[in-house]
Each structure stands twice: as structure tokens, then as C-alpha cells.
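**Q** predicted structure and sequence below. I'll ask about it afterward.
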Amino acid sequence: MIIKSVAETSYSGMFKIAFTEGAPFFIRQEYLNTIQVYDILPENEYSEEQTNELLDAGLASAVELKAVEYLARAEQSRFGLTRKLIEKKYDKKYVQMAMDFLENKNYLSDERFSRAWLHGRRINHYEGRTRLLAELQSRGISKEVSVCAVDEFFSENCETEICAKAYERFIKRGKEGEKLIAAMMQSGFSYKMIREVQESNPSSK
């Protein structure tokens, strides 16, 4: 097929390209294997294999642009963003290509997502280490990244104080005895910490 036009866009590294047939689309060098984007010129003719390479780059770029829409709203995990894009019927191959690019550029970061999620979670939840680790890992965050994020979170927020707030909340909800302990442990606090809070909390005396 023959190139009709090619132009660099205001979005860094992205080019708009059109063949003499079909609708124009966007590409970037990172999605090309054998073709150099700056060698693409009007009137250039490409083989079927080369055309397919350009079309693949276009499909990956389309996924990237959609992914950036989600990232503009809030931090995303790779797992969560991948799932959203696949639910939108984007092909897994092109989702993988776009995710790799976005991670390489640090636009997509499980570390940043984890920090943002933890700080957002603390607004309405009082939870301990094991529960927070489990919640992050259920969202596709690796154990290593989860542990680092939770360690950082509790270096800034006292887990014992959070435990005490959770304890008071459960007391107000009528929890007591074994049911209270079970609820606290399900919230991610260790038995030792629960007992320490219990001993120092006037509501338990």
C-alpha cells in the first residue's frame, strides 16, 4: 500500500499516518520492528508485511491512547488497567504492547498505584498489615511491591493507632468477645496488637 500522509502530533512521539485507502491512524516508533518512523514519507509504498507492521503499531497506539485516558483520571495498576482494556474488547496482543511502553516510560506504575490506593483506603477503612497486603495482591500487585508499599505506608501511619480506631469502631457496632477479636483479625491486625489495644482501651474494661 502507498502512504498518503504522515505528520508528527503534539503527543510526544506519536505520528498520524494515512494510506491512500482507509482511515488515518496513529503510530509510534516503539511499536515498530523493522520500519523507522522518520523514513516514512508520502508516496512510499509498503509490502503487505510492512503494512501489517504499521497497522499493528496503529492498534497498539489506539490502546495506549485509551489507557492514557484512564491514567489521567487516577493511578492504575497494570493488572487492573489491562482488565479494563480487554473488557473494552481490545486485543491482548496490543494491550501488552501498550502496557510495556507505558511502564517503560513510568506513566504506569504498580508502585505509585499501591501508594495511592493505600492512602485512599485509609480514609474510610481501618485495616492492618495482612489485610492491606491481601487487598493489594488481589488487585494484581506483586508480593514484593505490596510489601514495600505497606512498609512505607506504616512508616507514615502508626498501625497501633489504626488498630485502636478499628477497635473503637467495632465496639460501637456492638462487637464483643470472640466476635470482636475475629472481626479485628479479619481486618488484618495481629492477635498480639489486638490484645495490646484491648488492654489499653477503656471500652474493654
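**A** Arrived safely, thanks for sending. All figures in this text were calculated on a predicted structure; none of them were measured in a lab.
**Q** how about stretch 25-41: buried residues?
**A** 25-28, 30-32, 35, 37, 40 (16 or more other CB atoms under 10 Å). (C-beta placed from N, C-alpha, C; glycine too.)
**Q** let's see which of the residues you listed end up in strands.
**A** 25-28 (DSSP state E).
**Q** can you tell me the closest non-neighbouring residue to residue 108?
**A** Using CB to CB, 6 or more residues apart in numbering and skipping residues adjacent in sequence, the residue nearest residue 108 is residue 102, 3.9 Å away.
**Q** for the one you found, what are its contacts?
**A** Residue 102 makes contact with 64, 67-68, 71, 108, according to CB atoms under 8 Å, 6 or more residues apart in numbering.
**Q** switch the buried residues of stretch 25-41 over to a markdown table; also include distance to residue 175 and pLDDT.
**A** What follows is the buried residues of stretch 25-41, written out as a markdown table (distance: CB to CB, whole Å; pLDDT from 0 to 100):
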| residue | distance to residue 175 | pLDDT |
| --- | --- | --- |
| 25 | 58 | 97 |
| 26 | 55 | 97 |
| 27 | 58 | 97 |
| 28 | 55 | 97 |
| 30 | 54 | 97 |
| 31 | 54 | 98 |
| 32 | 60 | 97 |
| 35 | 64 | 96 |
| 37 | 62 | 95 |
| 40 | 66 | 94 |
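**Q** what helices or strands is the helix ranked longest in the chain leaning on?
**A** Identified as the longest helix of the chain according to DSSP state H is helix 48-73. With contacts defined as 3 or more CB pairs under 8 Å, 6 or more residues apart in numbering; DSSP states H and E, the packing partners of helix 48-73 are strand 14-19, strand 25-28, helix 78-87, helix 92-104.
**Q** grab the most central residue of this structure for me.
**A** In the chain, the centroid-proximal residue (CA atoms, centre = their mean) is residue 77; its distance is 1.3 Å.
**Q** give the residue spans of the chain that score low on pLDDT.
**A** 202-205 (pLDDT under 70).
**Q** ok, of the contacts of residue 102, which come out buried?
**A** Of the contacts of residue 102, these count as buried by 16+ other CB under 10 Å: 64, 67, 71, 108.
**Q** adding distance to residue 12, write the residues you listed out as a markdown table.
**A** Converted to a markdown table, the buried ones among the contacts of residue 102 look like this (distance: CB to CB, whole Å):
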| residue | distance to residue 12 |
| --- | --- |
| 64 | 12 |
| 67 | 15 |
| 71 | 14 |
| 108 | 15 |
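**Q** residue 172: which of those residues is nearest?
**A** Residue 172 has its nearest neighbour among those in residue 71, at 38.7 Å by CB to CB.
**Q** before we move on, the earlier item: redo the contacts of residue 102 as TSV? Include distance to residue 192.
**A** Shown next, in TSV, are those (distance: CB to CB, whole Å):
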residue	distance to residue 192
64	48
67	43
68	45
71	40
108	38
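**Q** now, which of these sits nearest residue 131?
**A** Residue 131 lies nearest to residue 108 out of these, by CB to CB, at 25.4 Å.
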